[in-house]
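S.K.: Everything below, folded, please.
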Amino acid sequence: MKSIIFAVLFSLALSHHSTLFAAEVTAAVAANFTKTIEEIGHAFTKDTEHTIRFSFGPTGKLFAQIKNGAPFDLFFAADEKTPQAALDENLAIASSYFVYAQGVLALYSPTLPVATQAEEILKQAQFRHLSIANPRVAPYGLQAENYLKALGFYDQLERKLVNGESITHAFQYVATRNAELGFVALSQLVDPESPAYEKGEYFLIPQEKYDPINQAAVITKRGENNQAAAAFMDYMKSPKAIAIIERYGYRIPQSVVSD
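M.R.: All right, here's what the predicted structure looks like:
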């Protein structure tokens with residue numbers, strides 16, 4: 001009987017100890033990474049008992065919020081230059097910077113045969129609207145614009161472009177058929193819960209025709225002493241997190257794999 005009581009008390013002590021040291025972290029996350037990081041966040045909480053809250057949006061707008069004092073401990077951008085800007089402005093911790101994923105750009109259409117005729121369809125321009133994330137604030141939009149310019153099609157297509165505030169909004173234009181086709185993230189197409197999953201066609205933009213969409217993260221100054229912030233950054237490099245990231249259609253930088 002004493003051994004049973006001891007076991008119960010020991011279990012309660014462990015639970016109390018774990019809860020005592022559990023912490024909460026807040027993260028600003030680029031819209032394209034929504035579903036991926038939510039799944040990682042659930043696994044992180046289950047494995048560590050730390051909790052994490054996410055706010056999603058275009059990278060540029062999230063950075064503006066951080067500069068204006070928004071209470072974020074972590075910043076997961078859709079590019080490299082914005083986290084670097086956070087470092088330059090002394091808003092983040094230099095040692096925390098790392099590229100956590102590489103985005104993959106795709107041209108998607110629910111109705112047009114883009115899988116085999118993407119560039120011909122763009123050249124002929126026999127459609128009303130082409131969706132694209134706002135190149136001024138969304139890295140996917142910037143690289144889509146660069147791709148159109150590399151093809152020499154941008155000028156003729158500019159008047160047909162429908163700008164979404166983020167890659168999420170650009171995808172919604174196509175998913176709701178307010179645009180016949182659009183540049184989206186591959187991650188938005190391979191998610192089984194996506195309205196585009198196994199519907200329509202997509203074409204992967206050749207990597208050599210746009211700059212790599214390296215997505216970097218930093219711990220902000222606010223999160224410098226938050227144990228959960230450091231724990232989550234480490235967790236993002238774990239085999240479990242990497243497997244989730246790849247399953248959602250991202251590439252993993254070799255530096256993360258090597259770590």
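S.K.: for residue 34, helix, strand, or coil?
M.R.: Put simply, residue 34 is helix when judged by DSSP: H, G, I helix; E, B strand; the rest coil.
S.K.: Could you give the number of residues near it?
M.R.: By other CB atoms under 10 Å, the residues close to residue 34 number 20. Backbone N, C-alpha and C define where each C-beta goes, glycine included.
S.K.: Grab the nearest non-local neighbour of it.
M.R.: Sequence neighbours aside, residue 56 is the residue nearest to residue 34 in space, at 5.1 Å (criterion: CB to CB, 6 or more residues apart in numbering).
S.K.: Check residue 62 too.
M.R.: Leaving aside its sequence neighbours, residue 62 sits nearest to residue 28 (CB to CB, 6+ apart; 4.2 Å).
S.K.: For the one you found, pull up the helix or strand it's in.
M.R.: Using DSSP states H and E, residue 28 falls within strand 24-30.
S.K.: Roughly how far does the residue lying closest to residue 211 once chain neighbours are set aside sit from residue 234?
M.R.: Nearest residue to residue 211, sequence neighbours excluded (CB to CB, 6+ apart): residue 143, at 6.0 Å. Note on residue 143: its distance to residue 234, by CB to CB, to the nearest Å, is 29 Å.
S.K.: neighbour count winner among these two?
M.R.: Per other CB under 10 Å, whichever of residue 143 and residue 234 has more neighbours is residue 143, with 24 against 13.
S.K.: tell me the contacts of the more buried one?
M.R.: Counting by CB atoms under 8 Å, 6 or more residues apart in numbering, residue 143 touches 105, 205, 210-211, 213.
S.K.: Next, format these as JSON lines and append distance to residue 45, pLDDT and neighbour count.
M.R.: As requested, these are exported to JSON lines (distance: CB to CB, whole Å; pLDDT from 0 to 100; neighbours: other CB atoms under 10 Å):
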{"residue": "105", "distance to residue 45": "31", "pLDDT": "96", "neighbour count": "24"}
{"residue": "205", "distance to residue 45": "35", "pLDDT": "97", "neighbour count": "21"}
{"residue": "210", "distance to residue 45": "35", "pLDDT": "91", "neighbour count": "20"}
{"residue": "211", "distance to residue 45": "34", "pLDDT": "90", "neighbour count": "12"}
{"residue": "213", "distance to residue 45": "28", "pLDDT": "91", "neighbour count": "23"}
